[in-house]
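Novice: This is the structure alone, sequence omitted:
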């Protein structure tokens with residue numbers, strides 16, 4: 001199943017990152033560049049680096065100049081994340097291009113790739129909650145609370161994976177259809193962000 005493959009790749013990406021646990025380490029994608037597996041690994045790697053950037057920027061002692069650099073890095077990362085999600089949706093559009101939707105076919109609230117995006121973030125939540133649930137220097141109460149949260153996250157991953165598989169089956173059967181809207185982020189676009197285009201005058 002697609003989500004089984006996705007979850008496995010996400011877990012591998014997270015494990016690979018934590019060998020060094022350094023936001024500056026370069027990605028070493030083990031999958032063929034033209035494959036969907038390559039995109040899934042890249043997607044989660046971007047998410048994993050950004051997860052740790054979000055931790056770093058919340059340090060109350062952080063140098064303001066460093067914080068601004070990281071904020072801009074996060075902005076770039078968000079754009080890269082969006083781009084990869086759209087590449088993954090392009091894969092699905094190609095997969096289902098010959099499917100003729102039924103007359104009563106419905107559109108889903110989100111595209112398959114944006115649901116996969118949530119699955120990638122969920123893999124990170126599970127990894128880090130597992131760390132907290134087994135943290136040797138934490139109190140028993142902390143570990144127990146985190147274990148309860150971890151159980152919910154694991155249940156959520158099962159439910160989300162099932163929902164994604166159902167969506168893909170519905171698209172393949174013509175019961176639902178895909179419609180992808182390109183993300184229209186405005187704050188990174190010099191022609192749309194008034195702070196940027198006013199500054200050019």
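Specialist: Received, thanks. Quick caveat, the model's predicted, so the values are computed rather than measured. Numbering: from 1, shown residues only.
Novice: Tell me who's in contact with residue 161.
Specialist: If you count contacts by CB atoms under 8 Å, 6 or more residues apart in numbering, residue 161 has them with 1, 3-4, 7, 119. From N, CA and C alone the C-beta is placed, and that goes for glycine too.
Novice: list the buried ones in the helix ranked longest in the chain?
Specialist: Longest helix of the chain, by residue count under DSSP state H: helix 140-173. By neighbour count on 16 or more other CB atoms under 10 Å, the buried set for helix 140-173 is 143, 146, 150, 153, 157, 160-161, 164, 167-168, 170-171.
Novice: can those go into CSV with extra columns for distance to residue 84 and pLDDT?
Specialist: Output for the buried residues of helix 140-173, formatted as CSV (distance: CB to CB, whole Å; pLDDT from 0 to 100):
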residue, distance to residue 84, pLDDT
143, 35, 97
146, 30, 98
150, 27, 98
153, 23, 98
157, 20, 98
160, 19, 98
161, 19, 98
164, 17, 98
167, 19, 98
168, 18, 98
170, 24, 98
171, 20, 98
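Novice: got a pLDDT number for the most centrally placed residue in the chain?
Specialist: For the chain, residue 117 is the residue whose C-alpha lies nearest the centre (CA atoms, centre = their mean; 3.7 Å). The confidence metric pLDDT takes the value 98 at residue 117.
Novice: What is the nearest of the buried residues of helix 140-173 to residue 135?
Specialist: In terms of CB to CB, no member of the buried residues of helix 140-173 lies closer to residue 135 than residue 143, at 6.6 Å.
Novice: If you rank every helix and strand of the chain by mean pLDDT, what lands last?
Specialist: Lowest on mean pLDDT, DSSP states H and E among the helices and strands of the chain sits helix 194-199, with a mean of 72.
Novice: Packing partners of the helix or strand that contains residue 54?
Specialist: Here residue 54, judged by DSSP states H and E, is contained in helix 36-57. Judged by 3 or more CB pairs under 8 Å, 6 or more residues apart in numbering; DSSP states H and E, the packing partners of helix 36-57 are helix 2-17, helix 64-95, helix 112-133.
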